[in-house]
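# Next comes the sequence, and after it the predicted model I'd like to discuss.
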Amino acid sequence: MPPRLVQLPSFSVIVLGGALLAACGGGGPPKPPPPEVGVVTLTAQSVTLTSVLPGRTESYRVSDVRPQVNGIVLKRLFTEGGIVTAGQSLYQIDPAPYIAAFNNAKAALASAQVKAARYGQLWRQHAIAHQDYDDAQAAYLQAKANAEAAAINLGYTRVVAPISGRIGRSAVTEGALVTANQATALATIQTLDPIYVDINQSSAELLNLKLAVQGGRLTRDAPVEARTTLTLDNGTAYPTPGRLQFSEVTVDATTGAVTLRAVFPNSDGILLPGMFVRATVIEGTRPGAILAPQQAIGRTEKGDPTAYVVDANGIARLHVIRVGQAVGDKWLVLEGLKAGDRLIVEGLQKVQADQPVHAVPAGSRPSAPPAGQH
């Protein structure tokens with residue numbers, strides 16, 4: 001029995017034909033929209049540049065106390081670790097032999113003075129030769145000098161502080177024999193208020209700084225009196241700023257560094273000699289600087305910094321740039337970006353070079369939903 005033909009409605013034929021055309025590739029899924037990215041528009045601004053450099057504290061003044069005469073120490077007249085003032089008595093050396101020497105010198109001086117006066121009268125009367133008169137005068141002057149020296153040595157039996165400051169431990173006790181100008185100091189006095197901080201800066205950084213100033217990229221209003229702040233070894237900020245006094249004129253051949261010296265007030269005695277600190281030194285002001293958020297900066301395989309900029313046609317362009325130091329949470333851009341560039345800072349994981357993107361102001365993009373929510 002021959003098969004029967006089924007007559008389909010005309011509408012069904014049209015639908016079926018469209019489905020077949022779609023299956024044969026006549027259409028396709030729509031293209032996804034360009035990825036949405038957050039951008040910031042870069043602006044030129046004046047930026048104060050600083051450097052954080054390592055340093056160590058040094059005493060403002062240091063004096064090793066040594067005896068200037070020989071003798072036995074009778075008394076120690078200070079408290080170890082205390083504050084002493086210039087001229088304060090520190091030790092008393094037995095003065096007895098020096099008192100005797102002084103009295104002897106005074107007696108010799110009196111005798112020479114009388115003899116010189118008598119010989120002066122005799123010479124004016126032409127009773128003695130001129131040479132005898134000259135000898136008497138010379139003997140008098142010699143006796144006078146001896147008496148002065150004896151008085152000085154007697155004074156040296158009282159050892160006094162040459163400077164004001166904090167005195168350390170005593171190297172001798174009562175009864176110790178000391179000698180003039182001995183190698184071992186009796187004690188050491190250090191002036192700690194104010195206090196020096198010696199800061200090390202590499203010669204390359206200093207050279208770049210000078211070239212930037214000469215090229216007009218950096219201005220320095222008062223380099224000698226630049227304000228400086230400290231961070232202590234435990235991370236605490238030192239409360240009082242200091243000032244930069246000078247920089248060394250030579251480069252250390254061993255370390256390749258130049259020493260900068262700053263002075264800080266230290267009335268509370270927080271800073272002690274030999275402490276390690278980090279000093280923040282104001283280098284100068286860079287006019288027209290470009291700062292880029294750190295999250296916008298990537299790296300090539302070679303380590304060169306890069307950034308994506310959206311051009312006027314909405315295309316993401318990859319720029320290889322050059323950056324300097326960090327300024328807060330931003331990088332100082334030296335080359336590769338300019339004022340007015342729209343820098344991509346959000347959605348970078350979806351960006352491909354030379355592909356269109358949908359740029360919106362940074363911070364206006366909706367945040368991703370928490371994990372587990374749709």
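Thanks, I have the structure now.

# residue ranges for the helices of the protein, please.
For the chain, the helices defined by DSSP state H occupy 10-23, 96-124, 130-156, 203-214.

# In contact with residue 165: list those residues for me.
59, 61, 63, 83, 84, 189, 190, 191, 192 (C-beta atoms under 8 Å, 6 or more residues apart in numbering). Using the backbone N, CA and C atoms, a C-beta is placed for each residue, glycine as well.

# Just give me the neighbour total for residue 329.
For residue 329, the count of nearby residues is 9 (other C-beta atoms under 10 Å).

# Can you tell me how far it is from residue 296?
Note on residue 329: its distance to residue 296, by C-beta to C-beta, to the nearest Å, is 11 Å.

# What are the buried residues along stretch 255-268?
257, 258, 259, 260, 262, 264, 266 (16 or more other C-beta atoms under 10 Å).

# CSV for the contacts of residue 165, including neighbour count and distance to residue 239?
Shown next, in CSV, are those (neighbours: other C-beta atoms under 10 Å; distance: C-beta to C-beta, whole Å):
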residue, neighbour count, distance to residue 239
59, 18, 20
61, 14, 23
63, 19, 28
83, 15, 21
84, 22, 27
189, 26, 26
190, 18, 22
191, 18, 20
192, 20, 16
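
# Closest to residue 174 out of those?
residue 84 (18.2 Å; C-beta to C-beta).

# Name the nearest residue to that closest one, ignoring sequence neighbours.
Excluding its sequence neighbours, the residue lying closest to residue 84 (C-beta to C-beta, 6 or more residues apart in numbering) is residue 161, at 4.5 Å.

# contacting residues for the one you found?
Listed by C-beta under 8 Å, 6+ apart, the contact set of residue 161 reads 63, 65, 78, 84, 85, 86, 87, 88, 90, 167, 189.

# Neighbour-wise, which one of those residues leads?
Busiest of those [other C-beta under 10 Å] is residue 189, holding 26 neighbours.

# you'd agree that one is up against residue 63?
Yes. Between residue 189 and residue 63 there is a contact under C-beta atoms under 8 Å: 4.8 Å.

# Please identify every residue contacting each of the two.
Here residue 189 and residue 63 have 161, 162, 163, 165 as joint contacts, going by C-beta under 8 Å, 6+ apart.

# pLDDT-wise, which helix or strand of this structure ranks last?
In the chain, no helix or strand scores lower on mean pLDDT, DSSP states H and E than helix 10-23, which sits at a mean of 43.

# beta partners for the residue positioned nearest the centre of the chain?
Taking C-alpha atoms, centre = their mean as the criterion, residue 279 is the residue nearest the geometric centre of the chain, at 3.1 Å. Counting by DSSP bridges, residue 279 forms beta bridges with residue 53, residue 230.

# tell me the contacts of it?
By C-beta under 8 Å, 6+ apart, the neighbours of residue 279 are 52, 53, 54, 55, 197, 199, 228, 229, 230, 231, 262.

# Starting from residue 165, give me the distance back to the third one.
Distance check for residue 54 against residue 165: by C-beta to C-beta, it reads 26 Å.

# One more: the fourth one?
Taken as C-beta to C-beta, the spacing of residue 55 relative to residue 165 amounts to 21 Å.
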